[in-house]
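Trainee: Build me a structure from this.
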Amino acid sequence: FFFTFVRSFAWRIMHGRVTQVAFATLAVLTLLAMQPSCARAYNSTISTRNDSVVVSVPMNQTVIIERFDEAGTIVESMDLFSILATMNATAEQLRATLMSQIASTDTALAELSTSMNTRLADLQAQINAKAEADDVESAFRAVDQAISTAESDAVATAQTQADSAIGTAMASLRNNEIAALQSSVDSLGSTKADLATVTSAVNNLQSSIQQMGQSLQTSIQGVATEVEPLEDVLDCNDIGLVYDASTSRCIPAFAHTGCSATIDAGDTNQLSSECASTTFDGMCTVSCKDGFAGSAKYRCNEFAEWVLTTDPLSCTDVDECAAGTHDCMGVCTNTVGGFACSCPNSELLPDGKSCARLDVEFLSSPFNLRYSSTSNCAAAQTTMPSSIPTNAVAILATATTYNTCQNDHVTYSVGRSYSHDCSTWDNRVYDLNAYLNDVLLTQEGDSSGASHYGFSSGSMIVPLNGRTIQLRLSMGHSHCTNTIVLQVYGYFTGQGILPTSQVKNIRIASSTAQHKISVGKPSYTPATAAGLLGTITTFVSTRRDHYSFSLGRSNNHPYNSWENEPYSGTYYGDNHYTHQGDSSGQDFYYGHSFGSSITPTATGGGYQMYNNLGFNSAGTSYFTHQVFGYVPGGNYGSIRFLDVSKVAKLRWKLTAFQQYTAVAKPSVVPNGARGLIATIYTFQDQASTDHVVHSFGRKAAHGQNPWSGNVWSYNSWLNDILLTHEGDSSGNFHYGHWHGSQIFGLKDDGTFEANLCMGKSTAAPHYITMFITGYIL
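Mentor: Sure thing, here's the model as predicted:
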């Protein structure tokens, strides 16, 4: 056992790097003390001291350990002091080996420091070559500090851990293991034969030596762990960056100029991108153009380059038609990157999305809206009955006004809003240049010459505000009761009525007689419009000048449009109006508003005007055309205009009342037409001043005294339109009168009915000339 122990102990010392040989000596001496019969020690003594066994051997003697069998025969012997000398030599060799390892560690650290200094010099040279002076200084300081800190910390940590490991191992071997072995020897003192305890002590010593080796290995690994970040620092420095320990990666220290503000993602349908964050680590999302779906995200990296963080951008077409995200009024057709709108049976407007057609329907049972007022600028509002459908955008009516004192000059406004100025005479309409409801209509009186028997102005197109209309009554009222009757005989559906915010005025001031003018299209109507809807007001600075004017597709017609010249003429414009004055007994002293108009347009959406026909050039005429809508082009709706060359004429010369129940439409109007559009001129021989009323439309069977408040009293269907030719006690239309544009219905057989010259009292001829400019399908 002893030999085995000694060999094992010596091997453990050499391979476990133990430097304390006294443990082995103590073990041997203890065995000698416990087994004195195994030693031949002359002049030696064995005694006890302080509860310890002491073996005393003279200097000139040695200790021989012999091994014998059960018969007492010596089978093996060994010199104890020789063994101790060998063990001491082995321990010294181990110490030398440990010191060599420490020296190697110091050498490695010195070489690492030299390598770092070399790389630092290279980095500083690169920085000097490309950095600004002030940034270089800052970079040197940052790099020096980082390298110095890392180097100092690493070397100090490595040295400390090495020393600590060695010291710990030595101290542990001295203190703990000696104490453990001493305890084992002490316990063996009472039982010499307890070799198992000794074996346990030796095994503990062996474990301690192994732990010491592991501690040294951990110390060396710790040094490597501290040195590894230094390598990362140098790697980052090689590419112009610094090492960030918190993220374990290279980042820019001072020279990062930021990524570009735009990114080319390589897709032709990419939306031009302006990246908000172009600094290091900034993110930018690139999207596709409208009509395509897709996006990609990029990050601004250490080298001021955009790098993808998602899949590459791939823009795919969006089918807006299938998704229901289009805004076509008509039919949607998908296209690559968008969609196209089309409008079957209607016009595609310039916005490329809206469809427009305007249709007219005639009521089979017209109804009356009646209003009376005794005060200036009274307000009224009416909701349409169920006979006007919810999709109606305007009503079609004929208007008749009357003053119970038979002589009050007032103006009415009818349309979508009565929120406007109430002073609508003496050229105020021109001067205000504002939205004054949709339709303005004047009843003459006072200094103008009275509309003694009332006045019927023909057809009026009145836009609806949802289901209602609003009115201003008797603007300018001075006495008695004023009444207005709107006989509603039709309505409009579709598109073409402008929002009130887009209603604009065309204004013309002229002092030139026979003045031809090309009028451009209003701001909010399309250039493709076939016609304009509006209301017209005129004023002349001399207050008493008689003249007329035409509007439409051509102003190439005779200028002498008075004294019954139109009766024998062919074309006098599409719309024609008379401003009364001079020898007329009724002057439009305060100006005159004619109600609504429908004016065919020339190319480009404007119209041609022939102004001041018969003007005396002794002042200025003022013309205001407030446009509240238009007729869409393309011949899709029910409103159609005849070519100028095909404008047809119907005319009558009567000396007494005449009723017609089947007036044939002109042949140029196609079969199936349900109504006519016309401008009408009336003239009475100047030797007579008859006051007469005419009606046109689908029903002539009505009361034949539509004057002096009778229209109010009748409160029934009085054909489709009523037109008054002033005379008798009213101021007379001395030179004749143009009544502007008129719309009335046809019967199913394509004919219309008329009551002409109602109220005629003289035998002088009365002339009626109707120019058919269009029709209603």
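Trainee: Now for the spatially most central residue of the chain: which residues touch it?
Mentor: Centroid check for the chain by CA atoms, centre = their mean gives residue 290 as the closest residue, at 10.7 Å. Residues in contact with residue 290, defined by CB atoms under 8 Å, 6 or more residues apart in numbering, are 271, 337, 338. The C-beta positions use only the backbone N, C-alpha and C, and glycine is treated the same way.
Trainee: nearest residue to the second one other than its sequence neighbours?
Mentor: It refers to residue 337. Leaving aside its chain neighbours, residue 337 sits nearest to residue 291 (3.8 Å; criterion: CB to CB, 6 or more residues apart in numbering).
Trainee: The one you found reaches residue 334, doesn't it?
Mentor: No - under the criterion of CB atoms under 8 Å, residue 291 is not in contact with residue 334, lying 9.4 Å apart.
Trainee: what sits in contact with each of these two?
Mentor: Shared contacts of residue 291 and residue 334, defined by CB under 8 Å, 6+ apart, comprise 317, 320.
Trainee: Show me where the stretch 651-777 of the chain has its helices.
Mentor: Using DSSP state H, counting those that start in this stretch, the helices of the stretch 651-777 of the chain run over 710-714.
Trainee: what are the ranges of the strands in it?
Mentor: Using DSSP state E, counting those that start in this stretch, the strands of the stretch 651-777 of the chain run over 658-664, 675-684, 692-697, 721-725, 737-745, 751-758, 766-776.
Trainee: Residue 510: which of those is closest?
Mentor: The closest of these to residue 510 is strand 737-745. By CB to CB, the value is 17.7 Å.
Trainee: how close does the residue nearest to residue 337 get to residue 332?
Mentor: Per CB to CB, to the nearest Å, residue 291 is found 13 Å from residue 332.
Trainee: any residues in contact with both of these two?
Mentor: Counting by CB under 8 Å, 6+ apart, the contacts common to residue 291 and residue 332 are 320, 339.
Trainee: would you say residue 83 is within a strand?
Mentor: No - counting by DSSP: H, G, I helix; E, B strand; the rest coil, residue 83 is located in no strand; its state is helix.
Trainee: pLDDT score for it?
Mentor: Looking at residue 83, its pLDDT is 73.
Trainee: burial count for it?
Mentor: Residues near residue 83, counting by other CB atoms under 10 Å, number 21.
Trainee: can you list the weak-confidence ranges in the stretch 651-777 of the chain?
Mentor: 687, 730 (pLDDT under 70).
Trainee: Ramachandran angles for residue 419?
Mentor: phi -80, psi 80 (degrees, to the nearest 10).
Trainee: now the helices for the stretch 351-500 of the chain?
Mentor: Secondary structure of the stretch 351-500 of the chain (DSSP H, counting those that start in this stretch): helices located at 428-432.
Trainee: ok, back up a step: what separates the residue nearest to the centre of the chain from residue 352, distance-wise?
Mentor: Distance, residue 290 to residue 352, by CB to CB: 14 Å.
Trainee: again, but for residue 735
Mentor: Using CB to CB, residue 735 is found at 49 Å from residue 352.
Trainee: the more surrounded of the two?
Mentor: residue 735 (22 against 12).
Trainee: That one and residue 769: what is the separation?
Mentor: 14 Å.
Trainee: overlap in contacts of those two?
Mentor: In contact with both residue 735 and residue 769: residue 683, using CB under 8 Å, 6+ apart.
Trainee: Determine the longest strand present in this structure.
Mentor: Across the chain, the longest stretch assigned as strand under DSSP state E is strand 358-373.
Trainee: any weak-confidence spans in the stretch 401-550 of the chain?
Mentor: In the stretch 401-550 of the chain, residues with pLDDT under 70: 448.
Trainee: for it, what spans make up the strands?
Mentor: Here the stretch 401-550 of the chain has its strands, by DSSP E, counting those that start in this stretch, at 410-415, 439-443, 455-463, 468-475, 482-494, 504-510, 515-519, 531-540, 547-552.
Trainee: so which of those comes closest to residue 433?
Mentor: Using CB to CB, the strands of the stretch 401-550 of the chain put strand 504-510 closest to residue 433, at 5.4 Å.
Trainee: can you list the residues that contact that closest one?
Mentor: 430, 433-434, 517, 519, 522-524, 609, 611-612, 620-627.
Trainee: Need the buried ones from these selected in PyMOL.
Mentor: Selection of buried members from the contacts of strand 504-510 for PyMOL, criterion 16 or more other CB atoms under 10 Å:
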select buried, resi 430+517+519+522+609+611+612+620+621+622+623+624+625+626+627
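Trainee: which ones among the contacts of strand 504-510 are found in helices?
Mentor: Members of the contacts of strand 504-510 lying in helices (criterion: DSSP state H): residue 430.
Trainee: measure the closest residue in space to residue 621 that isn't next to it in sequence to residue 619 for me?
Mentor: Nearest non-adjacent residue to residue 621, counting by CB to CB, 6+ apart: residue 540, 4.9 Å away. Counting by CB to CB, the gap between residue 540 and residue 619 amounts to 6 Å.
Trainee: more crowded one of the two?
Mentor: Between residue 540 and residue 619, residue 540 has the larger neighbour count (other CB under 10 Å), namely 26 against 14.
Trainee: residues touching that one, list them.
Mentor: For residue 540, the contacting residues are 547, 579, 581, 588, 591, 619, 620, 621, 622, by CB under 8 Å, 6+ apart.
Trainee: my guess is the third one meets residue 546, correct?
Mentor: Yes - A contact is recorded between residue 581 and residue 546 when judged using CB under 8 Å, the distance being 3.9 Å.
Trainee: If we go by neighbour counts, what in stretch 666-678 is buried?
Mentor: So, applying 16+ other CB under 10 Å, buried residues of stretch 666-678: 666, 669, 673, 674, 675, 676, 677, 678.
Trainee: which one of those residues is nearest residue 282?
Mentor: The closest of the buried residues of stretch 666-678 to residue 282 turns out to be residue 677 (CB to CB; 66.8 Å).
Trainee: Beta-bridge partners for the closest residue to the closest one other than its chain neighbours, please?
Mentor: Excluding its sequence neighbours, the residue lying closest to residue 677 (CB to CB, 6+ apart) is residue 774, at 3.6 Å. Beta-bridge pairing for residue 774 (DSSP bridges): residue 641, residue 677.
Trainee: For burial, what's the neighbour tally of residue 774?
Mentor: Residue 774 has 23 nearby residues by other CB under 10 Å.
Trainee: Grab the two from the contacts of residue 540 that are most spread out in space.
Mentor: 588 and 620 (14.5 Å).
Trainee: Could you pull out the buried residues of stretch 544-561?
Mentor: Quick answer for stretch 544-561 (16+ other CB under 10 Å): 544-555, 557, 559, 561.
Trainee: can you tell which of the strands of the stretch 651-777 of the chain is closest to residue 311?
Mentor: Distance to residue 311, taken as CB to CB, is lowest for strand 766-776 among these, at 60.7 Å.
Trainee: what's the closest one packed up against?
Mentor: helix 565-568, strand 639-641, strand 648-654, strand 675-684, strand 737-745, strand 751-758 (3 or more CB pairs under 8 Å, 6 or more residues apart in numbering; DSSP states H and E).
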